[in-house]
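S.K.: Here is my input; please provide its structure:
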Amino acid sequence: STVQLLPRLDECSDVPRLRGGPPVPASAEERTRRATLTDHLARARALQLSGRVDETEKELEAFEALRNGQPAPGLLAASQLLRGKVESARGNQEAASATFWGASLQALAEGDSERAAESWIHLTLVVGDRMHRFEDAERYSALAQAALQHVPRAEALRAALLRNRGALLNAEGKAAEALPVIEEALARMLAAVGKSHPNYASTLETLGNVQKERGEYELAVAAYREVVALREALYGPHHPIVATSLTNLGRSLGLAGHAALGESACQRALTILEAAGGRQLSGIDTLACLGEQRRRLGDAKSAWGFDERMLAEAKRSRGEDSLDVAYGYQGLALDALALHQPAVALENARASLAVMQRNLPPGHPERETAQGVLADCLFEAGFPAQALAVVREARAAMANGPPETRGAMWLHEGRALAALGRRAEAAAAFDESVTLLEQRPGLDPRGLALARAERARLNVVDRNGTSPGGRVAHATVRAPKGPPP
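M.R.: Numbers count the residues shown, from 1 in each chain. Below you'll find the predicted structure:
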């Protein structure tokens, strides 16, 4: 059935070049060498599709050893493309981006528009979704689109480009715009390759990512459950790529209010990754997810252990200035808040925001969320005036941001104003927070409940003329003794 899907030769572009093929080596020795190189690439491609990253790398190493720096017409771009996929799977996105770019240039030199397009499609994902260089990713997307105009019958590649464009929009904080793009990509991928192909599972997983960002947690859970089942059928239940899907499932289960189930999914993912030796795919996301679920279950001490491991691994494998390092610091800040260690929380929140600011533009939801965490830490440490300044800066940058993020900012602002005794302004801030958070109540139910409770608490103060005691929100505010550390 696969052979029947292949186009006839006379339906392809550049028929003379295809009929001619690469120059036939003059000597029998050279023909044997080329056939062996081709076999190495074919095995590497099959291994990569089956998710066997280590074995793919060994075949590529054998290819390079045999090539020994000599020309390999028509083969070098393919080998570079596979090398980039291995590097990306290992989490080395900087190296992968350079390799994919080299593959695109080599493909152009070989007159291979299809491989050039595939290289740029991968660059759209790696540079945009994973490295947050959004303008560069848009350029790679445009290059891929242009190259695909010269590649007939490449529906799977067109679907992959749509998928990666949706992932790029999602990374930019534009989940609403990403959704129809991903839905079209999924329909096209299904028509092109069917459900049993790895690219269908990847596209479905991207749909789950978008649904999660939109606060549609139960829909995301359903998508991730299907991805887990598809990948278990493709790769077996103990493959590291199954662990990636289990981590996504666990995170969405936690967000949907099922923290114990989320922890179970992430613990299974960690077991798979540890059994694989931690080389094929990183466990950074899985450790972060376990920290999240332990916090939700009220065990901040255990959460600290997972987040500390995650931060160390992120620094080791992805560099001191990667976004994963920022998320690690942020997790430790939230753990420290739950453990009533505001000074420790403040130190980690500042470190997280500093990395975010170097990686993300002003107004990006994740960057401004880090501002909100810093405001929370300042508030808990007894510095409401400084917390107010931080959150107002973040709110100004998020003037056109999603309602749930702006609602969270107004909640932080209301807490700081209440602590400063500016009750009328605090009441208005809480009202604005409730109005915004009610637009999508499933996305931040805890924040919405807290905003309502704080508004009601102010009503009690106004009626009685005294504070109901102790905590303005979920922390006691103490008079600062000096500038914040």
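
S.K.: other SSEs contacting the one helix or strand Leu204 maps to?
M.R.: Using DSSP states H and E, Leu204 maps to helix 198-213. On a contact count with 3 or more C-beta pairs under 8 Å, 6 or more residues apart in numbering; DSSP states H and E, helix 198-213 meets helix 155-171, helix 175-193, helix 217-235, helix 240-255. C-beta: built from backbone N, CA, C; applies to glycine.

S.K.: Would you mind finding the most buried of the ones you listed?
M.R.: Across the helices and strands packed on helix 198-213, averaging neighbours per residue (mean count of other C-beta atoms under 10 Å) puts helix 240-255 on top, at a mean of 26.

S.K.: what's the angle between the helix or strand following it and helix 240-255?
M.R.: Later in the chain than helix 240-255, the nearest helix or strand by DSSP H and E is helix 259-275. In terms of direction (axes from the mean of the first three to the mean of the last three C-alpha atoms, to 10 degrees), helix 259-275 departs from helix 240-255 by 160 degrees.

S.K.: can you give me how far helix 259-275 is from the chain middle?
M.R.: Relative to the centre of its chain, helix 259-275 is centred 18 Å away, using C-alpha atoms, centre = their mean, to the nearest Å.

S.K.: ok, and for that helix, which residues are buried?
M.R.: The neighbour-count check on helix 259-275 (16 or more other C-beta atoms under 10 Å) flags 259, 261-270, 272-273 as buried.

S.K.: Check stretch 313-329 too.
M.R.: Neighbour-count burial for stretch 313-329 flags Glu313, Ala314, Ser317, Arg318, Ser322, Leu323, Asp324, Val325, Ala326, Tyr327, Gly328, Tyr329 (criterion: 16+ other C-beta under 10 Å).

S.K.: show me where pLDDT drops low in the stretch 251-400 of the chain?
M.R.: Scanning the stretch 251-400 of the chain with the threshold set as pLDDT under 70 gives 278-282.

S.K.: for the stretch 51-200 of the chain, which spans come out with low pLDDT?
M.R.: Of all residues in the stretch 51-200 of the chain, none has pLDDT under 70.

S.K.: Contacts for the helix or strand hosting Ala44, please.
M.R.: Using DSSP H and E, Ala44 falls within helix 28-49. With contacts defined as C-beta atoms under 8 Å, 6 or more residues apart in numbering, helix 28-49 is touched by 22, 24-25, 55-56, 59-60, 62-63, 66-67, 72, 75, 78-79, 82, 85-86, 198.

S.K.: Stretch 283-297 now?
M.R.: Contact with stretch 283-297 is made by 91, 243-244, 246-247, 250-251, 254, 259-260, 262-263, 266-267, 269-270, 273-274, 300, 302-304, 306-307, 309-310, 313-314, 317-318, 324, 327-328, 331, 334-335, 338, as judged by C-beta under 8 Å, 6+ apart.

S.K.: show me what contacts Ala192?
M.R.: Contact analysis of Ala192 by C-beta under 8 Å, 6+ apart lists Glu155, Ala156, Ala159.

S.K.: Buried residues in stretch 340-359, which are they?
M.R.: Across stretch 340-359, burial judged by 16+ other C-beta under 10 Å covers 341-342, 344-353, 355-356, 359.

S.K.: Of those residues, which is the nearest to Ala98?
M.R.: Lowest distance from Ala98 to the buried residues of stretch 340-359 (C-beta to C-beta) belongs to Asn359, with 18.4 Å.

S.K.: Need phi/psi at that closest one.
M.R.: Reported as degrees, to the nearest 10, the phi and psi values for Asn359 are phi -110, psi -30.

S.K.: do Arg214 as well
M.R.: The phi/psi pair for Arg214 (degrees, to the nearest 10) is phi -80, psi 0.

S.K.: For it, which non-adjacent residue is closest in space?
M.R.: Leaving out its chain neighbours, the residue that sits closest to Arg214 by C-beta to C-beta, 6 or more residues apart in numbering is Ala175, at 4.7 Å.

S.K.: Name all residues that make contact with the one you found.
M.R.: Taking C-beta under 8 Å, 6+ apart as the test, what Ala175 contacts is Leu169, Val210, Glu213, Arg214, Pro402.

S.K.: neighbours of the nearest residue to Leu190 once chain neighbours are set aside, just the number please.
M.R.: The shortest distance from Leu190 to any residue other than its chain neighbours is 6.1 Å, reached at Tyr200 (C-beta to C-beta, 6+ apart). By other C-beta atoms under 10 Å, 21 other residues sit near Tyr200.

S.K.: need the contact list for Tyr200.
M.R.: If you count contacts by C-beta under 8 Å, 6+ apart, Tyr200 has them with Leu186, Met189, Leu190, Val193, Gly194, Leu230.

S.K.: Same check on Glu368?
M.R.: Glu368 is in contact with Ala394, Arg395, Ala397, Met398, Gly401, Thr405, Met409, counting by C-beta under 8 Å, 6+ apart.

S.K.: Out of the contacts of Ala175, who's the most crowded?
M.R.: Neighbour counts for these were taken using other C-beta under 10 Å; the highest belongs to Val210, with 26 neighbours.

S.K.: Double-check that residue against Pro180; I have them as touching.
M.R.: No. Counting by C-beta atoms under 8 Å, Pro180 is not a contact partner of Val210; they are 9.8 Å apart.

S.K.: Look at Pro361 and give its secondary structure.
M.R.: coil (DSSP: H, G, I helix; E, B strand; the rest coil).

S.K.: Next one: it from Leu270, what distance?
M.R.: In this view, Pro361 and Leu270 are 33 Å apart by C-beta to C-beta, to the nearest Å.

S.K.: do Ser97 as well
M.R.: Distance, Ser97 to Leu270, by C-beta to C-beta: 28 Å.

S.K.: Quick check on the contacts of helix 28-49: which are buried?
M.R.: Among these, those scoring as buried are 55-56, 59-60, 62-63, 67, 72, 75, 78-79, 82, 85-86, 198 (criterion: 16+ other C-beta under 10 Å).
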